[in-house]
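> A structural model of the following input is requested.
(one chain, ligands or ions: 1)
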Amino acid sequence: MEIKKVVVIGSGTMGSGIAAHLCNANIPVTLLDLKTEISEQARDKIHKSKPPLLLDKSKISNIKVGNILDNFSEVKEADWIVEAVVERIDIKHDIYEKIFKERKKGAIVSSNTSSIPIKVLSQNLTEEEKKDFCITHFFNPVRYMGLLEIVKNENNDLEKIKALKKFCETELGKGVIVCNDTPGFLGNRVGVYAMQIAMTEAFKMKLSIEEADAIFGRPMGIPKTGIFGLYDLIGIDLMADVLKSFIKELPKTDNFHEVAKEIPLVKNLIETGYTGRKGKGGFYRINKTDGKKVMEALNLETGEYHVSKKINIKSEKVDLVALINRDDKYGKYAWSVTSKIIKYASSLVPEITKEFNDIDEAMRLGFNWTKGPFEMLEEIGVNNFFNKVDEYGNNDFLENLAKSKNEKFYGERQKYTDIETLGKVKKKATSIDGNNSAQIYRFKDYNIVEFTTKANALDYNSMDALKKATDKPLIIINESMQFSAGVNLSYTMDFADKGDFKSIEKFIRYFQETCNHLKYSDCPVISAPSGLTLGGGVEVMVHSNFVVSHTNIVVGLVETIVGLTPAGGGCKEMLARWLETEEAKKDPHYAPLKVFDIIGYAKTATSPVEAEPMMYLRAEDKKIMNRNSLLEVSKKILEENREFKAPSEIKFNLPGKTVKNEMIKILEKLYNDKVILDHGMEVGKELAHVLSGGNTTIDKILSEEDMFKLELDSFMRLIETKKTQERIKHTLATGKPLIN
Ligand code: NAI
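I've put the predicted structure just below:
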């Protein structure tokens, strides 16, 4: 079975997301709704979406639109018809009747339902029709969420389901988990329970919402939106509907009921329009006081808003064991929530899945957790868990484990896929070295470096790990959300605050040395980025000999935003790339001006399609839809390059003053137009200095070392200024740029 054409019916949040993602995979798709205007509006929304649902906005017209009356015959040509209309069984049944009358023989029909069992959806279908019918449950936003749950019925043609799974894995890049027909399948059953327990325990233990989010967030390996932030993001009203459907579907004995009871405060929020970010606000809201936007948080006891407080739990690292053993309210909350999630998830084995590992992976792919409940249990330790837990009645999984006390109960990971993923390889690899910022693994004849800091920010230790690992072919890859958000700014600011600029200089030199080493060591180095790849992260990537990029990268040299210029070889490598173009060979100003434009404006690309024209990525770099495949593709490159020879050094002929003057003219115009202010001018001038080659002329040859020196000197001059320090502090505190 080949999928060459798809029709999606229902152009709301999910239908449009699915259509956009099919477009990303270059599959012709038609989006149908009740009226053509509705699907047209949906297509406009796709075009404007942020973060963008499309890899390449210019392909938007590959999504055809229409309505279900005039254009239903589109279904005749489709190999796959996805139903994503409202969650109403009568409407869905009507649609299926129409689809099965029109579809070509053998075409797959699937529903995106989040809560209706397949036996109910398919109750009016013939045995023959049931063969080709299943649930394909995508997560929102479709481009970015890794999970796709497929639910079969007893009549399915298994070969076809296999082919669909393969298609969704390879072409759409999804982590596809085949689930049983149970309410909420895997992801939502456990994920929504986890959200509810995190919320209800916060109420019970009288934690503020900021405190709960500070714990049920990064310290537990959960996205920093936490629980109340996530509620606001999803929509408090939508969550209430989800809970109602669970209450309706699940047997009375299921522990879900305990955490799904209506909370008067939440009911009141919905009734007064405080439905979250899309409404007037929710648990958090932005309020304007004296013309300034202020983040406020809801007091769970009084229902009143107060200025949101930043909670410092005094622990930067993700260390679940330390967290649950803390002798304070945070430790108690973390343990209560974690142990209840473990108890609930394990109570569902084997009913909702035989493979408990699938639950962990669903949490990873569908909720962006770094570890699922069973991995949390493994990390806590089986003996420790049973010493600490009170009761776990009616739970076969835990009862058996309590008997065996098998600390190594876990076994393999990512069983849902045949791909040799990083997750699987890490289990088999030897951890040969590591520090607080990175881990080095050895597998067969190559090394893997995985960064491990918050947003994988880079510091001296990260560089140390990279340098050490180049004794073998090296793959730089990780499982967390971001490849690297760049150099650790708070690490740098700590030195600046003490006036210890020598240490900053030492770090930058080491950064440069390491990047050089990545490029020129005898063994090939591959970067396999996904997610944020910014600043120093780009510098690591562009110094690697090969790149295997996930299509969901956000890539850019963004240093100017914090009043700095790239100093780990970012300017050097970008110049080198642009100098190779035909235009640059004719016009010596071309390359420096292009790079000035890109780095000066801190331009970022949100996909490889956007990154290539800026030359953050090269044509020969691999671009991969399925994140799980990054390691396999990297490994293949290593195999193909057994005779690898490091590249030869680059030489630069740069125009110096003439192009610098042109850049300064550009800056002066921006300054006069008030696009940049005084310090923007200073930063721009430093960048101009580096990219023009400093005090050089076109006939002089500059080495890479000379370029590193220019970068370092400009960086040091800038970091010593008060205004750059103010920019950094502001960004660290607010996550936003300061224009000064
Ligand atoms: P939505 O309300 O955003 O969109 C539904 C669309 O269906 C609307 O554009 C509506 O005009 C259209 N529609 C209604 N009746 C129709 C008919 N007879 N023919 C053609 N179109 C019709 O809904 P959303 O959120 O996109 O949900 C769609 C499905 O996906 C539901 O089954 C929902 O349970 C499921 N789902 C939703 C998720 C979410 O986060 N919103 C996540 C996963 C699944």
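> contacting residues around the residue of the chain at minimum distance from the ligand?
Of all residues in the chain, G12 sits closest to the ligand, at 1.8 Å by C-beta to the nearest ligand atom. For glycine as for every other residue, the C-beta is placed from the backbone atoms N, C-alpha and C. Contacts for G12 (C-beta atoms under 8 Å, 6 or more residues apart in numbering) come out as D33, A42, A84, V85, V86.
> Assumed the second one was part of a helix.
Yes: secondary structure assignment (DSSP: H, G, I helix; E, B strand; the rest coil) places A42 inside a helix.
> which one is it nearest to, not counting chain neighbours?
Nearest residue to A42, sequence neighbours excluded (C-beta to C-beta, 6 or more residues apart in numbering): S11, at 3.6 Å.
> Near that neighbour, how many other residues are there?
31 (other C-beta atoms under 10 Å).
> just checking, it is part of a strand?
No: applying three-state DSSP, one finds S11 to be coil, outside a strand.
> switch to numbering from 29
Sure, I'll start counting at 29 from here, so that last one is S39.
> Please verify my assumption that it contacts K63.
No: assessed by C-beta atoms under 8 Å, S39 is found out of contact with K63, at 9.8 Å.
> Could you tell me which residues of this protein lie near the ligand?
37-43, 61-62, 66, 96, 112-115, 119, 123, 140-142, 165, 168 (C-beta under 6 Å from any ligand atom).
> about what we covered before: top of the contacts of G40 by neighbour count?
A112 (26 neighbours).
> The residue of the chain closest to the ligand and A112: what is the separation?
As defined by C-beta to C-beta, to the nearest Å, G40 lies at a distance of 7 Å from A112.
> on that earlier part again, give the phi and psi angles for the residue nearest to A70, as a check.
phi -110, psi 30 (degrees, to the nearest 10).
> One more: the one 4 residues further on?
Phi and psi for G43, reported as degrees, to the nearest 10, are phi -60, psi -40.
> likewise the one 10 residues further on?
Dihedral pair for A53: phi -90, psi 10, per degrees, to the nearest 10.
> Can you tell me how far it is from H121?
Distance, A53 to H121, by C-beta to C-beta: 29 Å.
> Those two: which is more packed in?
A53 (18 against 15).
> from what I can see the more buried one touches K202, true?
No: counting by C-beta under 8 Å, A53 stays clear of K202, with 10.4 Å between them.
> any idea how far the most centrally placed residue in the chain lies from F167?
With distances taken as C-alpha atoms, centre = their mean, M509 lies nearest the centre of the chain, 4.2 Å away. For M509, the distance to F167 equals 15 Å [C-beta to C-beta].
> what helix or strand does the nearest residue to P169 once chain neighbours are set aside sit in?
Using C-beta to C-beta, 6+ apart and skipping the chain neighbours, the partner closest in space to P169 is G45 (5.7 Å). Applying DSSP states H and E as the criterion places G45 in helix 41-52.
> Show me what that helix is packed against.
strand 34-37, strand 57-61, helix 64-76, strand 91-95, strand 161-166 (3 or more C-beta pairs under 8 Å, 6 or more residues apart in numbering; DSSP states H and E).
> The stretch 179-328 of the chain: helices as residue ranges?
In the stretch 179-328 of the chain, the helices defined using DSSP state H, counting those that start in this stretch lie at 186-198, 215-232, 237-243, 256-262, 264-277, 284-287, 292-299.
> Buried residues of the last one, list them for me.
Applying a neighbour-count criterion of 16 or more other C-beta atoms under 10 Å, the buried positions in helix 292-299 are V294, L297, I298.
> Check the second one too.
When neighbours are counted by 16+ other C-beta under 10 Å, the buried residues of helix 215-232 are found to be 215-230.
> and what of the first one?
Along helix 186-198, these residues count as buried under the neighbour rule (16+ other C-beta under 10 Å): K188, I189, L192, K193, F195, C196, E197.
> how about those residues in CSV, adding distance to L585 and pLDDT?
Shown next, in CSV, are the buried residues of helix 186-198 (distance: C-beta to C-beta, whole Å; pLDDT from 0 to 100):
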residue, distance to L585, pLDDT
K188, 46, 94
I189, 44, 95
L192, 40, 97
K193, 39, 97
F195, 36, 97
C196, 34, 98
E197, 33, 97
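> returning to that earlier point: my understanding was that the residue nearest to P169 contacts Y172; is that so?
No: with contact defined as C-beta under 8 Å, G45 does not reach Y172; the gap is 9.3 Å.
> who has more neighbours, the two?
Between G45 and Y172, counted using other C-beta under 10 Å, the more crowded position is G45 (27 against 16).
> and that one, what does it touch?
Going by C-beta under 8 Å, 6+ apart, the list of residues near G45 reads L81, F166, N168, P169, V170, R171.
> Would you quantify the distance from the fifth one to L200?
In this case it means V170. Plainly put, V170 is 9 Å away from L200 if you go by C-beta to C-beta.
> Mutual contacts of these two, please.
When contacts are counted by C-beta under 8 Å, 6+ apart, V170 and L200 have H49 as shared neighbours.
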